[in-house]
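Visitor: A structural model of the following input is requested.
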Amino acid sequence: MNDNSIYKFEIDLRFEDEKLTQIEQLIEEKERLLLENQKNLCVISKQNELLSEVKNDYERYNEYIIKQKEEQLKALYVLNVYMNYLENHKSTTKYNAEDMRQQQTQIMDEINIIKKNIDDIISNNR
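Guide: Residues are numbered from 1 along each chain as shown. Below is the predicted model of the structure:
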């Protein structure tokens, strides 16, 4: 081998060493990135579990509210039927009858408000 070819061989070896060093650095960088991504996934997974629990609590709370609203509706319907009964079967004065009609109107307004509240809760859950 002559000096020129030895020199060329040394340059090629240095070039190859540099390429290997760059590749090793890239591999290390990718490993760090993968580890970081794995940590992030763990954090996100825990957050998703928490959000899932919050969602379940929210759904149970909404179901409870809807049941309470439905109970209110039942009570108001019973009260309205009873007031109709009183108006039709008992002797009431003119003022009592007028007062009862106003109360029945208020009851029906409240029934409509509660129905709307239930519809709003149900539509917000979709």
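Visitor: mind checking how far the spatially most central residue of the chain is from E63?
Guide: With the centre of the chain defined as its mean C-alpha position, the nearest residue by CA atoms, centre = their mean is K55, 4.9 Å away. Shown here: K55 relative to E63, a distance of 13 Å by CB to CB, to the nearest Å. Using the backbone N, CA and C atoms, a C-beta is placed for each residue, glycine as well.
Visitor: Same check on K69?
Guide: Taking CB to CB as the measure, K69 and E63 are separated by 11 Å.
Visitor: and these two? which has more neighbours close in?
Guide: Residue environment comparison for K69 versus E63 gives the larger neighbour count to K69, 17 against 12, counting by other CB atoms under 10 Å.
Visitor: Just the pLDDT for the residue nearest to the centre of the chain.
Guide: According to the model's per-residue confidence, K55 sits at a pLDDT of 86.
Visitor: Equivalent analysis for N48, please.
Guide: The per-residue pLDDT reported for N48 equals 88.
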